[in-house]
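> Coordinates only, no sequence provided:
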């Protein structure tokens, strides 16, 4: 099976409102897929339809190789769902909730105990197995919810904001679990607003906006595409302004022409392609700082007391190499280095900021 999930013009209307609009999406089998979107974009509705909690208005989808309309029960047997709001019974213990889920999915009686113990140990919730869910903290409830969702060993796991409100330690436990499940060959569909979490875990990312898939690729490819788009916009702006100034200068006096040249130079400077580089040099001194400042590729440089310098460089393939070479040739010791590129959050904001047909943002 090539795709764990595939949608075919999937549409969901609520009266006159179209929540999901002829969605075409493919989630690779055995991958971690980040499904992103702003509130009201159609993300939750899509997940409800894919998990057979709502019927589509038109179109369909296959989940784990089964059509959601023709074989919904087969779909339910193959999926697990970790909701944002824990849906366990508060008047039952952790263990009772897990056993209840196991019974619902038809897990053989002789496997329930051992499987539940293994999962509770993995999620570090075994010590609370006999406590009522209503007595648990938010993080403990989420751990118990994860165990209940995995008790039937689903092929595909939907996770809706699974780490919201969790402390950093519990978050990492859950991240490690996601990676372990992935290594076992399961498909994970992660809905999250935590862009760091998505970049850390996901193989592919889909961003839904106004009910349609607005962007789809690997996290790095989406960021690279934004870099290229920014360069193209700057180049286009420079070219257009240069053409306008050139036309004006044809009828300009020498004095006016000189003034227009200054405008062109200013536009070039404002829209030049730059790359920001941050470096910590443990033995930074004034001589090395001046050497870096005087490089032809350096537009600006600032220095922190910690030994960190931040450089605005000409955006070329050789710029970073030239800076590193200069540091090494002057016996500088680099302890940290990074470039400032667009983040997945930048991509998300750009993609979802596009106006809808009504002209509203």
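Yep, it's here. In this text the structure is predicted, and so the values were computed from the model without any measurement.
> Over to residue 67: give its phi and psi.
phi -70, psi 130 (degrees, to the nearest 10).
> Need the nearest residue in space to it, chain neighbours excluded.
Distance criterion CB to CB, 6 or more residues apart in numbering; nearest residue to residue 67, sequence neighbours excluded, is residue 60 at 5.9 Å. Glycine gets a C-beta too; all of them are placed from N, C-alpha and C.
> Now do the contacts for that neighbour.
7, 8, 10, 67, 68, 69 (CB atoms under 8 Å, 6 or more residues apart in numbering).
> For the helix or strand encompassing residue 347, give me every contacting residue.
Assigned by DSSP states H and E, residue 347 belongs to helix 344-352. For helix 344-352, contacts defined as CB under 8 Å, 6+ apart pick out 36-38, 41, 195, 198-199, 205, 207, 209, 214-215, 219, 222-223, 225-226.
> List the ones among these that fall in helices.
195, 198, 199, 219, 222, 223, 225, 226 (DSSP state H).
> about what we covered before: mind listing what's buried in the helix holding residue 347?
For helix 344-352, the buried set under the neighbour-count rule, 16 or more other CB atoms under 10 Å, comprises 344, 346, 347, 348, 350, 351, 352.
> Let me see the contact set for residue 57.
Neighbours of residue 57 in contact, by CB under 8 Å, 6+ apart: 11, 12, 13.
> ok, of these, which one's closest to residue 135?
For the contacts of residue 57, the minimum distance to residue 135 (CB to CB) is 37.9 Å, reached by residue 12.
> tell me the domain ranges of the chain?
If you go by automatic domain parsing, the domain ranges for the chain are 3-217, 223-270, 274-342.
> What are the boundaries of the helices in the stretch 151-300 of the chain?
Assigned by DSSP state H, counting those that start in this stretch, the stretch 151-300 of the chain shows helices spanning 168-183, 195-201, 219-249, 254-270, 286-293.
> and the ones you listed, which one's lowest on average pLDDT?
Least confidently modelled of those is helix 254-270, at a mean of 63 by mean pLDDT.
> Residue 163 and residue 192 touch, don't they?
Yes: look at residue 163 against residue 192 with CB atoms under 8 Å: they come within range, at 7.4 Å.
> Flag the shaky bits of the chain, pLDDT-wise.
230-242, 244-252, 255-273, 354-361 (pLDDT under 70).
> For it, which segments count as strands?
Secondary structure of the chain (DSSP state E): strands located at 3-14, 17-28, 32-36, 58-63, 66-67, 79-82, 156-160, 187-191, 204-209, 212-217, 274-281, 298-303, 308-314, 334-340.
> among those, which is nearest residue 139?
That would be strand 79-82 among the strands of the chain, by CB to CB, at 13.4 Å.
> mind putting the strands of the chain in CSV, distance to residue 100 included?
Output for the strands of the chain, formatted as CSV (distance: least, CB to CB, whole Å):
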stretch, distance to residue 100
strand 3-14, 27
strand 17-28, 29
strand 32-36, 28
strand 58-63, 24
strand 66-67, 24
strand 79-82, 15
strand 156-160, 19
strand 187-191, 24
strand 204-209, 33
strand 212-217, 36
strand 274-281, 52
strand 298-303, 60
strand 308-314, 55
strand 334-340, 49
